[in-house]
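Engineer: Here is a sequence together with a model predicted from it:
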Amino acid sequence: MAMRRRLMTLSATILAIGLAATTVLAVKPEGNRATRENGRVIYERSCLFCHGAEGKGDGPAGWFIGRYEAPHPRDFTSEGFKLRSTESGSLPTDQDLFRTVTRGIPGYMPSFAGLTETERWQVIAYVKSFNPAFQTETPAPLLLGGPAPLASPTSIETGRALYVRFECQACHGIDGRGDGPVSEAGDLKDASGLRIFATDLTRPLSFKNGSSPQDLVRTLMTGLDGTPMPSYAAQLTGKEDEAWYLAQYLLSLSSGSFP
Amino acid sequence: MSQRSITLGILMAVAATIASAFVHPEAQAIPPFARKYNVNCTACHTAPPILNPFGQRFLENGYQLPGTEDGGIIGKKKLGDVTLDDVTNFVGFRMVGNVTRSWSFKQQNPPGAAAGVVQNKTEFTFPDAFTMFTAGTLTKNVGFMVELGHDVEGGTTAVERGFVTFNNIGYHDLAHVRVGRYDPSAFYSYVTIRQQLNDVVESTTSGCTPFTPCGLNRAGLAPSAFAAKFYGLYQRDGTAISPFASSLFNSGGETGVDIHGRPFGDWFLYQVGVLNGANEGFGDSNKGKDIYAMLRFDYAKSNNFSANISGFVYRGYSNAKVQSQDDVNWNRYGLSARATYKMVDIYAAFAVDKIDKTPTAVAGLFDSTATGLTIGADTYVTNKTLISLRYDNLDAGGMLDQRKSATFVGLQVKQFLRTNIAIFARNDFNVRKSEGSDTAARNLRNAFFSGVDIVF
């Protein structure tokens, strides 16, 4: 058993390294003053209108994005980053920030893959300088759930049972359409008090944190801080397979391949 | 506003609501750039078609995200050795216009009606304008835009705008060049073609002959700052120019070459251009070319606030004629400003139109100066309800015996049923009743419109 655990940890590490290797091709510039200065120039052209000059999420275009509802652009000076590979309550890793800037956030922030990788690293260095906690903390990614078991009707059925057991339907609805009673009642609010809706899980392209099985496992383990979407790390640590089954069930909601 | 028009408006709203209930949310479409970048319209627009500062920079950068030269890569498909946008990523449609309208005239004198009677008229129409547009990037730093417009009432289809843009020539944001038929005011603080209250064209008496006054039955409802402002001005072929028609820098579409950029950092935008000449048919340009220059100052840092102010000079060369068929140089000097705070957007434009050297044939009969002031404001009162207000004052120039000034206030409520489907109700009041007796500008007391705005 212990042997198996160690093997899984090892393969998860390999997986994590593998993932990191595919996203980071250019050499990441050192986080020094020159890098931040280059980052500032990019930030003021590309990000300022939404995120604001001091990174407080109060850029002049920001308010219109969600109007009276969530989300408004991220306030980089505050806690509660949504898209992380780290424990709930922690800051995101550099890789997480890089992924967000590269992929964008469906619905709310365009992909900045049009910036060169070096430029993206530079702007991230500048974004981090808004929040002193980035200097003192070294956020570490959670190990995400070992190798994925193959999806099968049984694994998806297990995933469905977990969905019900964890009461995901309260917010996301029994069919995953985002129409659970708590969400419909308008009771869900984000950290800044704006009304937020539970995601329609049948539309994976709208997932902010990505929609691959790995992405979904990450979302479940870390939660989306600053929103009512909780972290299930407590329930799922040590039960990696369950995290994968749940992810497989979520994907089946849109694929239709396993009814 | 008549009881009947209110009933009609309500009926329409109900019909549209029912219709929209059958549209599954997944079928909810978003226009091309939103599709290409996978974001909502609100990433670039305060209230479509009005742009927020981010959308403004996207436009300035030739349809590339601000700060990037991404033309060649985002949202593209590789086909052999060329990359293309997915078709849905660059084709969009907009259908907008009034479905019902209702006029109230004072002292109208139609055949059979006695002078001084109030006349009301309610009409069903079809959304006036249908446009199809395609825009995107061909490769790094080369963008394009083509907009075909169909005027349903007039029955004409035309290329409203169509141009190619070469961006970031020299270094980033030094110079972007547009060639083709474009809106010269695209970077002005108050853009001609980005309005919440759509232009309602004037109605003229039929059978007007060249170089003779054309009777106005009903004033047009269009931003006075952008309008031609002169009575008794003609195109070179003799067609009367409506004092309410958008023109010169604010024409919405003219053929020429334009250069703009922000070489001195983000605070200033410069723009210069040469046009074939306002109000000219294709291939029949005026003797000289028209030229313009604009400077814009931006403040857009944070605290949910942004503001900008811009001024331009437009010099026309033999770009119009007067009744005596003499050429005139028709110029415009404009100033405009905009401030946005949270969900409130306020903008204004003032323009002085001046005709150099009044021809001797009309000397003493022609006022060579005219001004227009337009002030607008939009705000969302809920996530789905947009309220817009516009004030227009036209101090008309031109032939003293024809010219009539006008002042209108318009109020519009727009309700979004989906992000891309809205219905609206609007009322325009004539608030100037002093000038003249039985004139179009005075007669139109009140106008009510309701319609739809659909983009996909």
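Structural biologist: Cool, the structure landed.
Engineer: Can you tell me the element the residue positioned nearest the centre of chain A falls in?
Structural biologist: Central residue of chain A (CA atoms, centre = their mean): A:Leu83, 2.7 Å from the mean position. Under the criterion DSSP states H and E, no helix or strand holds A:Leu83.
Engineer: Next, the contact list for it, please.
Structural biologist: A:92, A:96, A:99-100, A:105, A:208-209, A:224 (CB atoms under 8 Å, 6 or more residues apart in numbering or on different chains). The C-beta positions use only the backbone N, C-alpha and C, and glycine is treated the same way.
Engineer: Equivalent analysis for B:Ile50, please.
Structural biologist: With CB under 8 Å, 6+ apart, B:Ile50 has these contacts: B:191, B:194-196, B:345, B:378.
Engineer: roughly how far apart are it and B:Ala307?
Structural biologist: 15 Å (CB to CB, to the nearest Å).
Engineer: One more: B:Thr157?
Structural biologist: In terms of CB to CB, B:Thr157 sits 39 Å off from B:Ala307.
Engineer: These two: which has the busier surroundings?
Structural biologist: B:Ala307 (17 against 13; other CB atoms under 10 Å in any protein chain shown).
Engineer: How about the secondary structure of that one?
Structural biologist: Secondary structure, DSSP: H, G, I helix; E, B strand; the rest coil: B:Ala307 is strand.
Engineer: I'd say A:Phe130 and A:Phe76 touch.
Structural biologist: Yes - under the criterion of CB atoms under 8 Å, A:Phe130 makes contact with A:Phe76 at 4.2 Å.
Engineer: can you tell me the helix or strand for the spatially most central residue of chain B?
Structural biologist: Chain B has B:Ile193 as the residue nearest its centroid, 2.8 Å off, counting by CA atoms, centre = their mean. Following DSSP H and E, there is no helix or strand that holds B:Ile193.
Engineer: what sits against it?
Structural biologist: B:49, B:183, B:185-186, B:252-253.
Engineer: could you pick out which of those residues are near chain A?
Structural biologist: With the criterion set as CB under 8 Å from any CB of the partner chain, no member of those is near chain A.
Engineer: State the pair within those that is farthest apart.
Structural biologist: B:Pro49 and B:Gly253 (14.5 Å; CB to CB).
Engineer: Tell me how chain A divides into domains.
Structural biologist: Listed by automatic domain parsing, the domain ranges of chain A are A:33-136, A:153-252.
Engineer: among these, which is the most enclosed?
Structural biologist: domain A:33-136 (a mean of 20; mean count of other CB atoms under 10 Å in any protein chain shown).
Engineer: Now mean pLDDT too, for the domains of chain A, in JSON lines please.
Structural biologist: Converted to JSON lines, the domains of chain A look like this (pLDDT from 0 to 100):
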{"stretch": "domain A:33-136", "mean pLDDT": "95"}
{"stretch": "domain A:153-252", "mean pLDDT": "95"}
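Engineer: picking up where we left off before, overlap in contacts, A:Phe130 and A:Phe76.
Structural biologist: With CB under 8 Å, 6+ apart, A:Phe130 and A:Phe76 have common neighbours A:Gly55.
Engineer: Now do the closest residue to A:Gly57 other than its chain neighbours against chain B, distance only.
Structural biologist: In space, and not counting its chain neighbours, A:Gly57 is closest to A:Asp75: 3.8 Å by CB to CB, 6 or more residues apart in numbering or on different chains. Distance, A:Asp75 to chain B, using CB to the nearest CB, to the nearest Å: 11 Å.
Engineer: Of all the residues in stretch B:121-128, which ones are buried?
Structural biologist: B:127-128 (16 or more other CB atoms under 10 Å in any protein chain shown).
Engineer: Go ahead and produce CSV holding the CA coordinates of that stretch.
Structural biologist: What follows is stretch B:121-128, C-alpha atoms only, in CSV (Å, rounded to 0.1, in the frame of the first residue of the first chain):
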residue,chain,number,x,y,z
LYS,B,121,-49.3,59.8,-36.9
THR,B,122,-48.4,56.3,-35.9
GLU,B,123,-46.6,53.9,-38.2
PHE,B,124,-45.4,50.4,-38.1
THR,B,125,-42.0,50.0,-39.7
PHE,B,126,-39.4,47.3,-40.1
PRO,B,127,-36.0,47.7,-38.3
ASP,B,128,-34.5,50.4,-40.5
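Engineer: contacts for it?
Structural biologist: For stretch B:121-128, using CB under 8 Å, 6+ apart, the contacting residues are B:2, B:4-5, B:8, B:95-103, B:105, B:151-153, B:198, B:451-452, B:454.
Engineer: Report the beta-bridge partners for the nearest residue to B:Ala300 once chain neighbours are set aside.
Structural biologist: Spatial nearest neighbour of B:Ala300, chain neighbours left out: B:Ser306 (3.9 Å); criterion: CB to CB, 6+ apart. B:Ser306 has these beta-bridge partners by DSSP bridges: B:Thr340.
Engineer: Give the burial count for B:Thr165, as a bare number.
Structural biologist: By other CB under 10 Å, the residues close to B:Thr165 number 27.
Engineer: Strands of the stretch 1-150 of chain B, start to end?
Structural biologist: For the stretch 1-150 of chain B, the strands defined by DSSP state E, counting those that start in this stretch cover B:45-47, B:50-51, B:76-79, B:82-85, B:91-105, B:119-124, B:129-139, B:142-151.
Engineer: just these: most buried one?
Structural biologist: strand B:45-47 (a mean of 23).
Engineer: Each with direction, which strands does it pair with?
Structural biologist: With DSSP bridges as the test, strand B:45-47 is paired with strand B:50-51 (antiparallel).
Engineer: Show the backbone phi and psi for the residue in chain B that chain A sits nearest to.
Structural biologist: Chain B approaches chain A most closely through B:Asp70 (2.4 Å), counting by CB to the nearest CB. The phi/psi pair for B:Asp70 (degrees, to the nearest 10) reads phi -90, psi 0.
Engineer: Equivalent analysis for A:Leu236, please.
Structural biologist: phi -100, psi -10.
Engineer: In this model A:Glu242 seems to touch it, though I could be wrong.
Structural biologist: Yes - under the criterion of CB under 8 Å, A:Leu236 makes contact with A:Glu242 at 5.8 Å.
Engineer: quick one: the helices in the chain?
Structural biologist: Picked chain A for this. Assigned by DSSP state H, chain A shows helices spanning A:2-23, A:33-46, A:48-51, A:62-66, A:94-103, A:117-128, A:133-136, A:153-165, A:169-172, A:181-184, A:213-222, A:233-236, A:240-255.
Engineer: that answer is for a different chain, and I need it for chain B
Structural biologist: Using DSSP H, the helices assigned to chain B run over residues B:3-21, B:32-37, B:53-60, B:440-443.
Engineer: Check those for me: which has the lowest mean pLDDT.
Structural biologist: Ranked by mean pLDDT, these bottom out at helix B:3-21, which scores a mean of 51.
Engineer: Can you name the residues bridging to B:Val274?
Structural biologist: B:Val257, B:Ile291.
Engineer: quick one: contacts for it?
Structural biologist: B:256-257, B:289-291.
Engineer: again, only this time at 7 Å
Structural biologist: B:256-257, B:289, B:291 (CB atoms under 7 Å, 6 or more residues apart in numbering or on different chains).
Engineer: And for B:Val91?
Structural biologist: Applying CB under 7 Å, 6+ apart, one finds that B:Val91 lies in contact with B:32, B:134.
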